[in-house]
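A.B. asks: Got a predicted model here, sequence first, then my questions.
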Number of protein chains: 2
Amino acid sequence: MKAEIIAVGTELLTGYVVNTNGAWLAQVLMDIGIATYYQETVGDNAQRMKDTLSLASSRSDLIIMMGGLGPTRDDISKEVMADFLQTELKVDANQLSRIEDYFERGHRKVSKHDYQQAWYIEGGQALPNDVGLALGSFYETENNQIFVLLPGPPFEMKAMVTQYLIPLLQAKHAENHGQVFDSDYLNFFGIGEASLADAIDDIVMDQSNPTIAMYSKPKLVTVRLTAAAETLEEAQALNQKVQDQILDRLNPYFIGQGQDYSLAQNVVDQLKKHKQSLAVAESLTGGLIAETLTQIPGASQVIKGAFVVYQVEAKENILGIDAETITQYTVYSHELVKDMALKSLQKCVSDLAIAVSGVAGPGPDQGVEAGTVYLAIADGKGYLESKCIHIDHKPRQTVREITCLEALNLVREYYTK
Amino acid sequence: MKAEIIAVGTELLTGYVVNTNGAWLAQVLMDIGIATYYQETVGDNAQRMKDTLSLASSRSDLIIMMGGLGPTRDDISKEVMADFLQTELKVDANQLSRIEDYFERGHRKVSKHDYQQAWYIEGGQALPNDVGLALGSFYETENNQIFVLLPGPPFEMKAMVTQYLIPLLQAKHAENHGQVFDSDYLNFFGIGEASLADAIDDIVMDQSNPTIAMYSKPKLVTVRLTAAAETLEEAQALNQKVQDQILDRLNPYFIGQGQDYSLAQNVVDQLKKHKQSLAVAESLTGGLIAETLTQIPGASQVIKGAFVVYQVEAKENILGIDAETITQYTVYSHELVKDMALKSLQKCVSDLAIAVSGVAGPGPDQGVEAGTVYLAIADGKGYLESKCIHIDHKPRQTVREITCLEALNLVREYYTK
């Protein structure tokens, strides 16, 4: 099935808002074996929206339009699509009363435009919106072409896709092709994409179900396995077999499974598993390590606290680093990060601590080149290690992000080696 | 001039990487009066790329293709576009020697594919890449249609656009239409889009040069003025006049000027201007406030340090909050955030301190609803204020982001009221 994703909204087209929905949706579709061949963005303009639908319907089987379902005057996606499909819009009684309830609770009057949100495409079915007011729509033509309308706010779109669209598409696929798909994501850290590809080259060549795809981001490589079979269990078993083969060779680099599984999640999971707690002392990352960890729900159980000590004075005042350590070794040294780790460990009364200091850039500092970073990890039982890395020719924010990943990886390695 | 932006790359199409380039580029084009009518993403597939170029050339005047200029086998944008334009690729001698130098310095051998990066479209001109190896291309057809090739990595793309493409496009526009454009961005905090629109409705209605556009993000509204005139000075004067009218009415909400001007930049600027320093104590935001501030180059001069005190214990161990304060008032109280602000002020020996504590969600905590947030600000001279806000029905990360903005705004208000 060839999918095409159309994002609607002048704010997306003109760049005021970055379209993150398209990327998310393409990944979720891929998990159930549907490849996206085109993505485009159009403004809130009826003629251009219709032209785009017309082109999409000439080349794709599944056409998903996102955005423009709200109550304002420029929300015209429903009308445009109904017009294009030569059908009408129908009111969903359930949603209508949900909208009325919502306004009643807020002691506000429902306007004519608010009711629009209860419309869906006649001849199709409504896709419920559990976290917002605008209904989605699912419509299949006589030639089995599928047209879908989704809301634009990411929170609403994701809930609707996960809860309602994906199961519907899976059922359609099973009905039309007798097949279901299962996808697994295996995430690796500390091995380059090329080396990883070399290491599993024969496995990739040897088989075609599951298909194997590789993606890389700075320091992270993800391998996606997608298997097709008559039942979900069979598809899962096919993936499992190949997964075992791959992990057999690459286990030291494996950080976890799942599309959204991150190194931060790994760190939180390890700490929980070992019933231990972590303290963080950050200089150049300025809070990024703590922020990344505390994005994980439940992090509060294991992240004791963090110190952002950007200035020299702060290193002394907040952490109690000895001024002499700084004078003798400078703030870019093994000695300093080790002391930062130890001091934060003590202050937080934690089991583990990590610390970073370095030059984020753009230019060098005190003769130390941008991208030079010192990292340390300490536990309460005498274990204390540090290392120095060089992140060459990268912008300031990338240096910070890579430093954050390297620091998290110290914790991962602490528990795995 | 109608622009169309085509992002090339299977990793973008399938959603592994989010396309942030398109948004940035559309905004930069808008600044010089060029509106983007379509944006699309295609995979690294010659036929689909050619179809997309063909469609784009049927409806747009300026067609920009980004990505696929590198040295790997799937980097085919140059060949595809040359083929589409029925011309050839030419080697740029300068870039060729830059590539050779680069590999020589790294003691590596240049492969055949690396040389590709020195190609540009014959009959057009090369766009230099000052921060990478792949050259861009600028080509004008006999009918004054312009085709541009840009590299995919954001860092390289942005440098090439700012340094070379924008001046070229401005010159073309002046040559063809005798007009230049100037854009200003005015950023406001704490007023909704609708109220702001109401407040300046008559100004918007009264004139057409500059054009006035409005964009909103949670808590932030940006007004863009774009003026056209024969000279840049005249265009700037037209913008200035309308800007003065708008600020006359909305000054209390104005945080600063510029496309990328943020509340964090405002806070860093205010602190520098007043030669004061800031400390931060964060609970639910987990480091986000510190991270947002330290993204601003030069923040190290004014941000003394930050404490992430996620756990109750940490509030006591790290900040020295009295256990009794927590028992008596709980961690969600005016008393607690005030004490957090005071304690971090003392520990950092700073002039100002801000503190936040609240429930990020998803669910309630200790009977307190998700989205309930307490904020405080303190200076060293006895000023101490706190407030409680309710961020209803928002996901966890949005609650954290809004809390961060509200906390930064406490500092802005401290200096402006």
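C.D. replies: Arrived safely. A quick note: this is a predicted structure, and the numbers were derived from the prediction, not measured. Residues are numbered from 1 along each chain as shown, chains lettered A, B, ... in the order given.
A.B. asks: just checking, what packs against the top helix by length along chain A?
C.D. replies: Longest helix in chain A by number of residues, with DSSP state H as the criterion: helix A:396-416. Here helix A:396-416 touches strand A:180-189, helix A:263-273, helix A:288-294, strand A:352-358, strand A:372-379, going by 3 or more CB pairs under 8 Å, 6 or more residues apart in numbering or on different chains; DSSP states H and E. The way it works is simple: take the backbone N, C-alpha and C, and place the C-beta from them, glycine included.
A.B. asks: repeat that for 7 Å
C.D. replies: helix A:263-273, helix A:288-294, strand A:352-358, strand A:372-379 (3 or more CB pairs under 7 Å, 6 or more residues apart in numbering or on different chains; DSSP states H and E).
A.B. asks: Turn those into JSON lines, columns for distance to residue B:338.
C.D. replies: Shown next, in JSON lines, are the helices and strands packed on helix A:396-416 (distance: least, CB to CB, whole Å):
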{"stretch": "helix A:263-273", "distance to residue B:338": "31"}
{"stretch": "helix A:288-294", "distance to residue B:338": "22"}
{"stretch": "strand A:352-358", "distance to residue B:338": "29"}
{"stretch": "strand A:372-379", "distance to residue B:338": "33"}
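A.B. asks: of those, which approaches chain B most closely?
C.D. replies: Closest to chain B of the helices and strands packed on helix A:396-416 is helix A:288-294 (CB to the nearest CB; 2.7 Å).
A.B. asks: Output the closest one in CSV with nothing but the alpha carbons.
C.D. replies: The C-alpha coordinates for helix A:288-294 follow below in CSV (Å, rounded to 0.1, in the frame of the first residue of the first chain):
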residue,chain,number,x,y,z
LEU,A,288,20.3,19.2,29.2
ILE,A,289,21.3,15.9,30.9
ALA,A,290,18.9,16.5,33.7
GLU,A,291,16.1,17.7,31.4
THR,A,292,16.6,14.6,29.1
LEU,A,293,16.4,12.2,32.0
THR,A,294,13.4,13.9,33.6
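A.B. asks: Show me the residue at the heart of chain A, geometrically.
C.D. replies: residue A:260 (5.3 Å; CA atoms, centre = their mean).
A.B. asks: where's it, which helix or strand?
C.D. replies: Using DSSP states H and E, residue A:260 falls within no helix or strand.
A.B. asks: Would you mind giving me the confidence score for it?
C.D. replies: For residue A:260, the pLDDT comes out at 80.
A.B. asks: That one and chain B: what is the separation?
C.D. replies: Using CB to the nearest CB, to the nearest Å, residue A:260 is found at 12 Å from chain B.
A.B. asks: Ok, residue A:157 next?
C.D. replies: Taking CB to the nearest CB, one finds residue A:157 at 12 Å from chain B.
A.B. asks: Residue A:240 too?
C.D. replies: In this view, residue A:240 and chain B are 23 Å apart by CB to the nearest CB.
A.B. asks: for residue A:236, same thing?
C.D. replies: 22 Å.
A.B. asks: Quick one, grab the pLDDT at that residue.
C.D. replies: pLDDT, residue A:236: 95.
A.B. asks: Need the nearest residue in space to it, chain neighbours excluded.
C.D. replies: Using CB to CB, 6 or more residues apart in numbering or on different chains and skipping residues adjacent in sequence, the residue nearest residue A:236 is residue A:182, 5.0 Å away.
A.B. asks: Is the one you found bridged to anything, and to what?
C.D. replies: Beta bridges link residue A:182 to residue A:227 when assigned by DSSP bridges.
A.B. asks: Kindly state the pLDDT recorded for it?
C.D. replies: For residue A:182, the predicted pLDDT is 89.
A.B. asks: repeat for residue A:332
C.D. replies: 95.
A.B. asks: what's the answer for the one 3 residues further on, then?
C.D. replies: Looking at residue A:335, its pLDDT is 96.
A.B. asks: wait, isn't it in contact with residue A:324?
C.D. replies: No - the pair residue A:335 / residue A:324 is not scored as a contact, 10.3 Å apart, by CB atoms under 7 Å.
A.B. asks: who's more crowded, the two?
C.D. replies: residue A:335 (18 against 8; other CB atoms under 10 Å in any protein chain shown).
A.B. asks: Check the spacing between that one and chain B real quick.
C.D. replies: For residue A:335, the distance to chain B - CB to the nearest CB - is 20 Å.
A.B. asks: Same check on residue A:345?
C.D. replies: Taking CB to the nearest CB as the measure, residue A:345 falls 11 Å from chain B.
A.B. asks: Give me the contacts around the host helix or strand of that residue.
C.D. replies: Counting by DSSP H and E, the element that carries residue A:345 is helix A:334-348. Contacts to helix A:334-348, defined as CB atoms under 7 Å, 6 or more residues apart in numbering or on different chains, come from residues A:279-281, A:304-305, A:307, A:319-321, A:325-326, A:329, A:353-357, A:374-378, A:380, A:384, A:386, A:388, B:314, B:317-318.
A.B. asks: between that helix and strand A:372-379, how big is the angle?
C.D. replies: Using axes from the mean of the first three to the mean of the last three CA atoms, to 10 degrees, the direction of helix A:334-348 lies 40 degrees away from that of strand A:372-379.
A.B. asks: Got the domain ranges for chain A?
C.D. replies: Per automatic domain parsing, the structural domains of chain A span A:2-176, A:180-257, A:263-416.
A.B. asks: For ChimeraX, write the selection for the buried entries among the contacts of helix A:334-348.
C.D. replies: Remark: buried members of the contacts of helix A:334-348, expressed as a ChimeraX selection using 16 or more other CB atoms under 10 Å in any protein chain shown:
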select /A:279,280,281,304,305,307,319,321,325,326,353,354,355,356,357,374,375,376,377,378,386 /B:314,317,318
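A.B. asks: how about the residues of the stretch 151-300 of chain A near chain B?
C.D. replies: By CB under 7 Å from any CB of the partner chain, the part of the stretch 151-300 of chain A that sits against chain B consists of A:155, A:215, A:286-288, A:290-291, A:294-295, A:300.
A.B. asks: which residues of the stretch 1-150 of chain A fall in helices?
C.D. replies: A:10-13, A:21-31, A:46-57, A:77-84, A:93-105, A:112-115 (DSSP state H, counting those that start in this stretch).
A.B. asks: among those, which is nearest residue A:187?
C.D. replies: helix A:21-31 (13.6 Å; CB to CB).
A.B. asks: Now stretch A:283-292: buried residues?
C.D. replies: Those would be A:283-292, for stretch A:283-292 by 16+ other CB under 10 Å.
A.B. asks: again, but for stretch A:118-126
C.D. replies: A:118-121, A:124, A:126.
A.B. asks: May I ask which two of these are separated the most?
C.D. replies: A:118 and A:124 (14.5 Å).
A.B. asks: distance of residue A:100 from residue A:133?
C.D. replies: As judged by CB to CB, to the nearest Å, residue A:100 and residue A:133 stand 10 Å apart.
A.B. asks: which residues sit in contact with residue A:226?
C.D. replies: A:30, A:33, A:181, A:183, A:210-211.
A.B. asks: Out of those, give me the one that has the most neighbours.
C.D. replies: Neighbour count (other CB under 10 Å) singles out residue A:210 as the most crowded of the contacts of residue A:226, with 23 neighbours.
A.B. asks: so how far is chain B from that one?
C.D. replies: Counting by CB to the nearest CB, the gap from residue A:210 to chain B is 16 Å.
A.B. asks: and that residue, what pLDDT?
C.D. replies: On the pLDDT scale, residue A:210 gets 93.
A.B. asks: and if you look at the one 3 residues further on?
C.D. replies: Confidence per residue is given as pLDDT, and for residue A:213 that number is 85.
A.B. asks: Give me the neighbour count for it.
C.D. replies: 17.
A.B. asks: and if you look at the one 4 residues further on?
C.D. replies: As a burial measure, residue A:217 scores 13 neighbours (other CB under 10 Å).
A.B. asks: Okay, and the beta partners of it?
C.D. replies: The partner residues for residue A:217, given DSSP bridges, come to residue A:220.
A.B. asks: looking at chain A, which residue ends up farthest from its center?
C.D. replies: residue A:324 (43.4 Å).
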